[in-house]
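Student: please work out how this folds:
(one chain, ligands or ions: 1)
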Amino acid sequence: MHYFDLKDGVLHAEGVSLETLAAEVGTPTYVYSSATLRRHYGLLRDACDAHKAALGDALIAFAVKANSNLSVLATLAKLDCGADTVSEGEIRRALAAGVPGERIIFSGVGKTDAELAFAIDVGVRQINVESSAELERLILIAAEKSASPAIAIRVNPKIGAGGHAKITTGGAGDKFGVPVEEALSLYARASASPHVTPVGLACHIGSQITDLTPLENAFRVLRDMTETLRAQGHSVTRLDLGGGLGVPYYGEAETASPADYVAMAARVLDGLGVEAAFEPGRLMAANAGVLLSRVIQVNERTDGRRFLVLDAAMNDLMRPALYDAFHDLKPVRPRTGEDRPYDVVGPVCETGDTFARDRDLPPLEAGDLVVFMSAGAYGAVMSGEYNTRPLAAEVLVDGERCAVIRPRPTYEQMFAREPMADWLAPVASDK
Ligand code: LLP
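Tutor: Residues are numbered from 1 along each chain as shown. Just a heads-up that it's a prediction; the model follows:
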């Protein structure tokens, strides 16, 4: 469910015409809908609140990696949403956007000493420890500060799931977390140290998971482990269930609903008396954003192939190139005429810069505006400047209001980030 709809024959983000917006801000531009973000948070919040008995005061910690724009984070922070972070930069973003430390979870397979020290200093809610090596480093760092941060041990339940092999994180061979037996012994090790306070377990098995079964199996592993640890005399008060629930990229009911997902978690954790945390990224942000782009030209080749060449490219939206991901493409002003197959491509000099092959679309022409739907998660955050293409702008809409929340950089700004080595002659002119 989202708030990108046709009004008077033009696609709008809430109350703002995407045609007007393209004229003012240019393309390619990511456009986010505040109402959609709020709605997604609200759905999860209501589901959690309906299951307080089983999930406690559940924390919904938005996975900042999915969309880390400060205004997007601030929109969620105002709803008391927490943040799941994986770097010092993401912690800083969450804090800057108004998420208090006590609602920030710090996850990640390779946190540096500096990052661990920073997380302790700003008082994050919990550090999810992913290995024995990390636990030993954290104990030393915390000891130096006479601190004892709350930690959870991330379990690798040997249950991988997700929309693509590259985004599966809970499989036995995946780099994340430690196996069950090792997690139990790390918990005991942590309990024996005065410099960390183990409070629970964490697990995240993958992304774009559309069927609840693997998630349920993973949550059962956490439940069994909680009982085992308690039987050994340890205190376990929190379970971090990760993120991973998929979204309907194809526009159908292709994935389990957030309400069913939370209800399933409540069923599995019922009677355990723990406080749950969820780390949704895609679920919150994907359908809250589109990538607005303009058709540069249509290349009709004599061999019969028809290429729709857009001003957006793989550097702006990497998901199709990286994961063969599907993003629905819609004209901003619906065109009449019979659909025909297009290869949808960007201007980057790689064949990988292909958004779709043989996509059936109505007749489109140079200058037409189109949007990639469901681009609010893992879109702008994964973009780069390959081919010296300026980063796409980002815009946030809220009702009739809209604001540029990341301006497109100028070439001068881009070059200013690259001071010339002092032994090289200055460039005569950058014109
Ligand atoms: N928690 C942890 C520890 C994670 O590693 C992730 C995502 C999440 C939560 C949020 O997962 P979500 O609810 O968004 O599925 N770039 C890929 C997705 C990578 C996901 C990585 N981890 C894509 O574009 O599909």
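
Student: how about Ser132, nearest residue that isn't a chain neighbour?
Tutor: Distances taken as CB to CB, 6 or more residues apart in numbering put Leu186 closest to Ser132, at 6.0 Å, once the chain neighbours are dropped. Just so you know, the C-beta spots here come from the backbone N, C-alpha and C atoms, and that holds for glycine as well.

Student: residues of the helix or strand harbouring the one you found that come out buried?
Tutor: Taking DSSP states H and E as the criterion, Leu186 maps to helix 180-191. By 16 or more other CB atoms under 10 Å, the buried positions in helix 180-191 come out as Val180, Ala183, Leu184, Leu186, Tyr187, Arg189, Ala190.

Student: out of these, which comes closest to the ligand?
Tutor: Taking CB to the nearest ligand atom as the measure, the ligand sits nearest to Ala183 out of those, at 15.1 Å.

Student: who touches stretch 356-365?
Tutor: Taking contacts as CB atoms under 8 Å, 6 or more residues apart in numbering, the residues outside stretch 356-365 that touch it are 295, 298, 308, 320, 326-327, 329, 331, 334-344, 370.

Student: now, these that are in strands?
Tutor: Using DSSP state E, the subset of those located in strands is Val295, Val298, Leu308, Leu329, Pro331, Arg340, Pro341, Tyr342, Asp343, Val344, Val370.

Student: quick one: the fourth one and Val290, what's the gap?
Tutor: I take that to be Leu329. As judged by CB to CB, to the nearest Å, Leu329 and Val290 stand 10 Å apart.

Student: looking at the two, which has the bigger crowd around it?
Tutor: Val290 (28 against 20; other CB atoms under 10 Å).

Student: can you tell me the SS state at the more buried one?
Tutor: strand (DSSP: H, G, I helix; E, B strand; the rest coil).

Student: buried residues in the helix or strand harbouring Thr226, which are they?
Tutor: In the assignment (DSSP H and E), Thr226 maps to helix 212-231. Within helix 212-231, the residues scored as buried using 16+ other CB under 10 Å are Leu212, Pro214, Leu215, Asn217, Ala218, Phe219, Val221, Leu222, Arg223, Met225, Thr226, Leu229.

Student: how about stretch 2-14?
Tutor: His2, Tyr3, Phe4, Leu11, His12, Ala13, Glu14.

Student: with stretch 38-52 instead?
Tutor: Arg38, Arg39, His40, Tyr41, Leu43, Leu44, Arg45, Ala47, Cys48, His51.

Student: for stretch 322-331, same thing?
Tutor: Tyr323, Ala325, Phe326, His327, Asp328, Leu329, Lys330, Pro331.

Student: repeat that for stretch 261-272.
Tutor: Buried-residue list, stretch 261-272, by 16+ other CB under 10 Å: Tyr261, Val262, Ala263, Met264, Ala265, Ala266, Val268, Leu269, Leu272.

Student: so it, near the ligand or not?
Tutor: No - judged by CB under 6 Å from any ligand atom, stretch 261-272 stays clear of the ligand, getting no closer than 10.6 Å.

Student: please save the CA atoms from that stretch in CSV.
Tutor: C-alpha atoms of stretch 261-272 as CSV (Å, rounded to 0.1, in the frame of the first residue of the first chain):
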residue,chain,number,x,y,z
TYR,A,261,4.2,-11.9,10.5
VAL,A,262,3.9,-10.2,13.9
ALA,A,263,1.1,-12.6,15.0
MET,A,264,3.4,-15.5,14.1
ALA,A,265,6.2,-14.1,16.2
ALA,A,266,3.8,-13.6,19.1
ARG,A,267,2.6,-17.2,18.8
VAL,A,268,6.2,-18.5,18.8
LEU,A,269,7.3,-16.3,21.7
ASP,A,270,4.1,-16.6,23.8
GLY,A,271,4.7,-17.1,27.5
LEU,A,272,8.5,-16.5,27.2
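
Student: quick one: mean pLDDT over that stretch.
Tutor: Stretch 261-272 carries an average pLDDT of 98.

Student: Ala231 and Leu186, how far apart?
Tutor: 17 Å.

Student: got the angle between the helix holding Leu186 and helix 212-231?
Tutor: Between helix 180-191 and helix 212-231, the angle comes out at 40 degrees (axes from the mean of the first three to the mean of the last three CA atoms, to 10 degrees).
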